[in-house]
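Visitor: from the sequence below, what's the structure:
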Amino acid sequence: MRLTAWERRLTAELFEVILPAGEPRLPEVGVGCSADAYLTDLAEVAPPRLWLGLRLFLIVVALSPPLLLGRLTTFSGLGAAERLQLLRTMKASRFYVLREIPLFFKALACFCRLSPPAVQARLGLEPRDASPPTWSAAP
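Guide: Residues are numbered from 1 along each chain as shown. As a prediction, this is how the structure comes out:
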C-alpha cells in the first residue's frame with residue numbers, strides 16, 4: 001500500500017520529534033535513514049491493517065493540536081517543542097487509543113533509525129546486523 005506525500009512527510013516529522021537526527025548523545029541516529037525509503041520497504045511486507053492504523057493515527061495526530069493543545073493549527077504547523085508536547089499530552093491521555101499513538105510511531109521510528117549497524121554498535125546491541133538495511137544509506 002502506498003502512502004500519500006502528505007502522509008510520508010508527516011511520518012518523517014514524527015520520526016524527527018521522536019528520534020532527532022544528530023542527537024548529541026547518539027549522533028549516528030537518523031544519519032542516512034530515509035523515512036520514505038523505510039515506508040516503501042515496509043509496504044512490501046506489512047499487512048493492510050497496519051496501513052489502515054497508520055493512516056488513522058496520522059489523521060488523529062495531524063488534527064489534534066486544537067483539542068489537545070488549544071492551538072488552531074495542524075501538527076506540521078507546530079514548532080519542535082510543541083510537537084513533542086503534543087505527543088506527551090497524547091501519552092498522558094485517559095483514552096487508551098490516544099496513549100498508544102505515540103508508542104506506535106516510536107516503534108516505527110526505532111526500527112527505521114536504529115537499524116544501521118553503526119547505531120546498533122554504539123548502543124551495544126547484540127546480535128548486530130552485518131549490513132545496513134535497504135532503506136539506510138549509512139555505512
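
Visitor: center of this protein, which residue is that?
Guide: With distances taken as CA atoms, centre = their mean, F15 lies nearest the centre of the chain, 3.1 Å away.

Visitor: now that residue: how far from Q85?
Guide: 17 Å (CB to CB, to the nearest Å). Every C-beta, even on glycine, is put in place using the N, C-alpha and C of the backbone.

Visitor: which stretches of this protein have low pLDDT?
Guide: Within the chain, the stretches with pLDDT under 70 are 1, 30-32, 137-139.

Visitor: how about the helices in it?
Guide: 5-18, 35-45, 48-63, 65-68, 80-91, 96-113, 117-123 (DSSP state H).

Visitor: any chance of the ones you listed in TSV, with distance to P27 too?
Guide: TSV is the format used below for these (distance: least, CB to CB, whole Å):
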stretch	distance to P27
helix 5-18	15
helix 35-45	18
helix 48-63	27
helix 65-68	30
helix 80-91	18
helix 96-113	12
helix 117-123	9
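
Visitor: which among these is found nearest to L26?
Guide: helix 117-123 (6.2 Å; CB to CB).

Visitor: got the end-to-end distance for stretch 71-85?
Guide: Terminal residues of stretch 71-85 lie 12 Å apart, using CA to CA, to the nearest Å.

Visitor: just the buried residues of that stretch, please?
Guide: 75, 78, 82-83, 85 (16 or more other CB atoms under 10 Å).

Visitor: number of residues surrounding L63?
Guide: Other residues within reach of L63, judged by other CB atoms under 10 Å, total 13.

Visitor: measure it to L52 for me?
Guide: Distance, L63 to L52, using CB to CB: 17 Å.

Visitor: contacts only, for the residue nearest to F15 when sequence neighbours are not counted.
Guide: Of all residues not flanking F15 in the chain, A109 sits nearest, at 4.3 Å (CB to CB, 6 or more residues apart in numbering). The contact partners of A109, by CB atoms under 8 Å, 6 or more residues apart in numbering, come to 14-15, 18-19.
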